[in-house]
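*Asks:* Coordinates for the following, if possible.
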Amino acid sequence: MSRESHYPRMQVSEIMTREVETIAPDASLQAAAEAMEAMGVGSLPVCDGKRLVGTITDRDIVVRAVAAGWSPVDALVKDCMTEDVAYAFCDEETEEVLERMKVLQIRRLVILDRDKNLAGIVALGDIATEPDAAAAGRVGDAVAEISEPSRPLK
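*Replies:* As a prediction, this is how the structure comes out:
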């Protein structure tokens, strides 16, 4: 048996960040950008109460709104957000979540409870720095895959 198969099974809820700043869908793009700037992040989960309804990134604001000439004061988060958000559930194992992040080539993933309410967020760094979260080789493979530029479909 390989060394990697001896890793304890850890749920992502054990390492996720629970206190996550969110933005409402009816907030202005300016409010979203201000929140991102204040926290030093490039994306925010969009929640209606506790319910995740999307995500908005700094790139969404620039590419979808500014490029279209929309006013960041008047345009709303719901007009620019991405509704189809990748996520994992609290009770999923960190190895499974790491694999999903690798396949999707993302460094952060929102975590939901089974009622699909926002419970937290996990970053690749959270998994990489927790010794029992995943085997070092799997983390290294994921980092390499996530960092690989995606190729256009032919």
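
*Asks:* Next, the buried residues of the helix or strand harbouring A38.
*Replies:* Using DSSP states H and E, the element containing A38 is helix 29-39. By neighbour count on 16 or more other C-beta atoms under 10 Å, the buried set for helix 29-39 is 29, 31-33, 35-36. Where you see a C-beta, it was placed from the backbone N, CA and C, and this is true even at glycine.

*Asks:* And for stretch 45-64?
*Replies:* Within stretch 45-64, the residues scored as buried using 16+ other C-beta under 10 Å are 45-47, 52-57, 60-61, 64.

*Asks:* what's the offset of the helix holding A38 from the middle of its chain?
*Replies:* The chain centre lies 17 Å from the centre of helix 29-39; the measure is C-alpha atoms, centre = their mean, to the nearest Å.

*Asks:* centroid residue for this protein?
*Replies:* The centroid of the chain falls nearest to L109 when counting by C-alpha atoms, centre = their mean (3.0 Å).

*Asks:* quick one: it and A86 touch, right?
*Replies:* Yes - at 6.2 Å, L109 counts as touching A86 under the criterion of C-beta atoms under 8 Å.

*Asks:* Need the overlap of contacts for the two.
*Replies:* Taking C-beta atoms under 8 Å, 6 or more residues apart in numbering as the criterion, L109 and A86 both touch R100.

*Asks:* Can you list the neighbours in contact with the helix holding A38?
*Replies:* Contacts to helix 29-39, defined as C-beta under 8 Å, 6+ apart, come from residues 21, 23, 42-44, 56, 58, 61, 65, 70, 72-73, 75-77, 79-80.

*Asks:* same thing but 10 Å
*Replies:* With contact meaning C-beta atoms under 10 Å, 6 or more residues apart in numbering, helix 29-39 is reached by 21-24, 27-28, 41-44, 46, 56-58, 60-62, 64-66, 70-77, 79-81.

*Asks:* what pLDDT does R138 get?
*Replies:* Note for R138: predicted pLDDT of 63.

*Asks:* cool, V103 as well?
*Replies:* V103 is assigned a pLDDT of 88 by the prediction.

*Asks:* I am finished for the moment; much appreciated.
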